[in-house]
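[1] build me a model from this:
(2 chains)
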2 protein chains.
Amino acid sequence: MVINLNNFFNTISKNSKMGDFQDLDHIDGLSVSTICANLYSNKRDDVVMFYFRNGATYASVYTQSKLISENIKWNYKINKKKIRALFINTRNANAFTGKDGYKGLKILAEKLSEELTLKQKSDEEKPEKIESNEILFACTGTIGEKFPTEKIKKSIPDLIKKIKYTQNKYIWMKASMGILTTDLKPKVAMEECHIGNKPIKIYGIAKGSGMIFPNMATTLGFIFTDATISSTILKQLLKQNIKKTFNAISCDGDTSTNDMVSIFATGKVANSQLKNEKDKKLTEFNSALFNVLLNLAKRVAADGEGASKFVTIKVKNCKTEEEAKKICFSIANSPLVKTAIAGEDPNWGRIIMAIGKSNVDLNPNKLSIKFGKISIIENGKLSSSYNENEAADYMKEKKIDIIVNLNKGNKEFISYTMDLTKKYIEINSDYRT
Amino acid sequence: MVINLNNFFNTISKNSKMGDFQDLDHIDGLSVSTICANLYSNKRDDVVMFYFRNGATYASVYTQSKLISENIKWNYKINKKKIRALFINTRNANAFTGKDGYKGLKILAEKLSEELTLKQKSDEEKPEKIESNEILFACTGTIGEKFPTEKIKKSIPDLIKKIKYTQNKYIWMKASMGILTTDLKPKVAMEECHIGNKPIKIYGIAKGSGMIFPNMATTLGFIFTDATISSTILKQLLKQNIKKTFNAISCDGDTSTNDMVSIFATGKVANSQLKNEKDKKLTEFNSALFNVLLNLAKRVAADGEGASKFVTIKVKNCKTEEEAKKICFSIANSPLVKTAIAGEDPNWGRIIMAIGKSNVDLNPNKLSIKFGKISIIENGKLSSSYNENEAADYMKEKKIDIIVNLNKGNKEFISYTMDLTKKYIEINSDYRT
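    Alright, predicted model coming up:
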C-alpha cells in the first residue's frame, strides 16, 4: 500500500465531510518521527516514534490472548511512572518469535537509549539519560516471522535526526499512516477540553484492520495529551473508557496477539492537581477522552478489511449489559449476517439466528427488531408496516443501524462492525504473497 | 440448483473413490417418497417423506438456539414411543413464523394423518389410524418467511401416491437431494453390523451447508435402521455419538434455529432384546452408528458453503476434552485461518493467534504444531526441519490436517471444517436474490 500524501490530502479536503479527518496540530512535550526501515518490499514509512523529551506519564491496556507478542511482554515488564518514547514497527508482529524476538527489542531499546541520550545532550538545558526501560514498544504485522532487528536498528539514527519538536497535521498524518498494515485509511481523532480553567488537548491515532475483536484492548491505539495526570489516574480513565469504545468493535472476531491501547500525558499544561479518577475536574476530560477513543474505534471498524458498509448494532432493554453485549457480538461476528449486509439483503432471519445462538434467554413474543427507522419485528411478529422494498432500499446505505429490543430490562450495549465481502477474502488469502 | 440425476450418477460412478458414494438399498419397514411442491422457482424435489408403515422407535437431538423453529417446537411436543412419518421441506425454515407457522404444521399433519390412514386401509392387513402427532417435521431454508402451508398441502396426495415399499440407491439419492438447500452434493452414508447374530443395516442422509456450528445437534441428519431398539436406548446412543460427529463440525460458526439429527428404528429385524445402551450386544451397532454419523458430518463440512478444501483440526494432549474442543473451534471458526487455507498460505501465525484467543491456559514453550506430517512448531520454536516451500506445497492439497499439541495432558478433540472462500460470500450475499 503506497499512499501519496499530497494526493491523499487533496482528495480528503475535496471530500471532507463533518469530522472525516480532523486537523491535529501540536502537543507540547511530544515529538513525532517516522522512517522507512525497508520492512516492506515497497518503500513506505514502517517505523514511527513518539518521543517525550521530558517524559510522560502513561497507561496501557493489552490483548487478553494467551499467546502474547514479545513487545507486550516487554511492556508488561517496564514498571516506570514515566516513559520517554513509544516505538512502533509494522510488517512484523514480533509474536511467537521467542527469545530472539525479545532480545531484538532489547537491542533496539539500548540503541534508542544511547541515541536519545545524545539527543538530550545536544538539545536540553538539563539533559537526562534515557534508560532502555523507558521505551515502550508496539509491533503489528505477520505473526511468527523472524523479527527484523538489524533493519530496524539501522534506521534509528536517521529516525532520530528527523525529530522535530513541533507537530502539524501533516506530521500526524504521516505517523498515523506509518503504523498501518492492511488498513486503507489512516485513523486520527482529537478533542479539546478543560481541566479546571486550563485548556487541554487530547489527540489519538489508531490502526486496524484485521484480527479485530475486543478483549480488553484491541488493535493499536495511541492517545496523547498535554495535561498533567498521574499514570495511576490515566490507567483508571483508560480502563473505564475502553469498554464501550475499542472493546465494542469487531471486524472478524479474531483477537490479535499484539492488541494495545495506550495513553500518554506530557504534563506540559499545569492544570490543578487531581485527587483520583473520580475528581470532578476530570469530567470534561473524561468525556473528551471517550469521544477520541470512540471516534478512533469507529474508524477501525469502518476500515475493517474489505468493508463496504459500517454497521452499528444496538441491543437494548436487556436485563444486563453483559446480555446485550453477547447479542451484539453474536450479530457482529456472524458471517451470515455480514454477508447479507454485503449483499444489501434485508435478510432479518439471520439476525434472528444470531440472537438465538447467543445463548441469552429471551421471550420471542417481546422481541423487536429495526433496521434504522424501519420496524421489522414488533413484539415477536412481522411489523404490519413492514415493506421489503423499503428495507431493501435502506440496505443500500453506507451506514447500517440494527436495533434489537428485548423488552425485558433497561440495559444496553452498542457494537460497531462492518460487512463481510469478497475483498476480505482477497486481502486475507493474499496477505503474505 | 438443478442436478440431473442420471448425469450425476454417471459422473460419480466415473469418479467414485473409496466411500465417496455408498450404494444404499432397502431398509425393511421404511418407505421414501419425494415430490416437487414448487417451493423453489425452479422445479426440483423440495418435500421428502420417510414413512414407517408399521411405526418406528426414534430419538432426536435439536438445536440449542434460544429461538427455535416451529417444527422443532412441534417435535418437542410429540411424546410418542413410536412415530409414523418424518416429513421434510426445504426452502422455508418455518422459524419466526409464529402461530401461523405452527398452525401450518398442524394442517399438514392432519392432512398426512388422513391420507396415510387411507393408505393403511388399502395396503395393510391390519390397518391402523395414523395420528397427526405421530408425524415428525424437519424444515430448512430461509428464516422468517411465511410458511407455504397451502403449496405443501397440495403436494401431499401425489407424495403419498409415489410411496413405494422398497428402496434402491436411486431413491436414496433422490431423497438426499430433496432435502438440500445451498449444498452442492447429496450426503449419504451406510454401515452394516450385527446385534447378536442378526445382521443390521444403518443408513443415513444429511444436509448442510450454511449455519453450521455444533450446539447439541447441527444441520439436518436422519439415520434409519431395521434393528429393534427402544426409543430410550436410541436416545442414549444418539446423544453419546453426536458429540464427536455432528457436534465436531463447523462451517461458519453460525447455529441454525432448525438443527436436528434423528434416528429411526423400524424393528423389522428381530434381534435379541437389549437391556440398556450399555448392553454388550450393542458394541458393534454403536460403533457402526458412530461411523455413519461421522461420515455424514464430514460430508457436511466438506460441502460447507464455498468450500474448496476439507480441514481436520486435531488438538491433543490437553488437560481436558473441553480445552481441546475450545482450541479446535477457535481455529475452525477463525476467518483469518480459513482465508489463509483458501489462499494455500501456510500462515501458521494465524493458528497461533487462534490458539491464543481461545482462552485456554498453555505453556508456549511446550506447544507443537504440524500441518499434516510437516512439523512447524516444536516445543514453542520453529522446527529446525521447517521448510516453507514444503509447507506451501502441502497447502495445495484438497485435505488439510492441522495438529496442535499442548503437551500438558492426555485429552484430545478433533473438529472438521472447510476454508473460507469468495464463493462463500457469493452464496450468502445472493442467497435470497
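[2] and chain B, is the top strand by length along chain A touching that?
    Longest strand of chain A, by residue count under DSSP state E: strand A:47-62. No - contact of strand A:47-62 with chain B is not found when judged by C-beta under 8 Å from any C-beta of the partner chain; the minimum separation is 12.2 Å. In this view, the C-beta of every residue, glycine as well, is placed from N, C-alpha and C.
[3] buried ones in that strand?
    Within strand A:47-62, the residues that count as buried by 16 or more other C-beta atoms under 10 Å in any protein chain shown are A:47-62.
[4] pull out the buried residues from stretch A:150-167.
    Residues of stretch A:150-167 classed as buried: A:151-153, A:155-156, A:159-160, A:167 (neighbour count, 16+ other C-beta under 10 Å).
[5] just to be sure, A:Leu289 is in a helix?
    Yes - assessed by DSSP: H, G, I helix; E, B strand; the rest coil, A:Leu289 belongs to a helix.
[6] helices and strands around the longest strand of chain A, which ones?
    In terms of contacts (3 or more C-beta pairs under 8 Å, 6 or more residues apart in numbering or on different chains; DSSP states H and E), strand A:47-62 is packed against strand A:31-35, helix A:70-77, strand A:82-89, helix A:98-123, helix A:149-161, helix A:169-178, helix A:231-242, strand A:260-265.
[7] give me the contact list for the last one.
    Okay, so that is strand A:260-265. Strand A:260-265 has contacts (C-beta atoms under 8 Å, 6 or more residues apart in numbering or on different chains) with A:30, A:50, A:52, A:56-63, A:72, A:75, A:83, A:86, A:136, A:138, A:217-229, A:234, A:237-238, A:242, A:246, A:289, A:293.
[8] mind giving me the ChimeraX command for buried ones among those residues?
    The following ChimeraX line selects those of the contacts of strand A:260-265 that are buried, judged by 16+ other C-beta under 10 Å:
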select /A:30,50,52,56,57,58,59,60,61,62,63,72,75,83,86,136,138,217,218,219,220,221,222,223,224,225,226,227,228,229,234,237,238,242,246,289,293
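[9] any chance you could map the strands in chain A?
    Counting by DSSP E, chain A has strands at residues A:31-35, A:47-62, A:82-89, A:135-139, A:187-195, A:198-207, A:220-225, A:260-265, A:310-318, A:368-371, A:374-378, A:381-382, A:399-405, A:411-418.
[10] against chain B, how distant is A:Ile233?
    A:Ile233 sits 30 Å away from chain B, going by C-beta to the nearest C-beta, to the nearest Å.
[11] so that residue sits right up against A:Lys278, yeah?
    No - if you go by C-beta atoms under 8 Å, A:Ile233 and A:Lys278 don't touch, sitting 9.5 Å apart.
[12] about what we covered before: and the strands of chain A as TSV, adding mean pLDDT and distance to A:Gly178?
    TSV is the format used below for the strands of chain A (pLDDT from 0 to 100; distance: least, C-beta to C-beta, whole Å):
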stretch	mean pLDDT	distance to A:Gly178
strand A:31-35	97	4
strand A:47-62	95	4
strand A:82-89	96	8
strand A:135-139	96	11
strand A:187-195	94	12
strand A:198-207	95	9
strand A:220-225	94	11
strand A:260-265	94	16
strand A:310-318	96	24
strand A:368-371	96	38
strand A:374-378	95	42
strand A:381-382	88	50
strand A:399-405	97	28
strand A:411-418	93	23
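[13] just the closest residue of the stretch 1-150 of chain A to chain B, please.
    A:Ile143 (2.8 Å; C-beta to the nearest C-beta).
[14] tell me the contacts of that residue?
    Taking C-beta under 8 Å, 6+ apart as the criterion, A:Ile143 is in contact with A:69, A:93, A:95-96, A:257, B:349-350, B:352-353.
[15] in JSON lines, list the buried residues of stretch A:150-167 along with distance to A:Glu378 and pLDDT.
    Formatted as JSON lines, the buried residues of stretch A:150-167 follow (distance: C-beta to C-beta, whole Å; pLDDT from 0 to 100):
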{"residue": "A:Lys151", "distance to A:Glu378": "60", "pLDDT": "97"}
{"residue": "A:Ile152", "distance to A:Glu378": "58", "pLDDT": "98"}
{"residue": "A:Lys153", "distance to A:Glu378": "63", "pLDDT": "98"}
{"residue": "A:Ser155", "distance to A:Glu378": "60", "pLDDT": "98"}
{"residue": "A:Ile156", "distance to A:Glu378": "62", "pLDDT": "98"}
{"residue": "A:Leu159", "distance to A:Glu378": "59", "pLDDT": "97"}
{"residue": "A:Ile160", "distance to A:Glu378": "63", "pLDDT": "97"}
{"residue": "A:Gln167", "distance to A:Glu378": "52", "pLDDT": "92"}
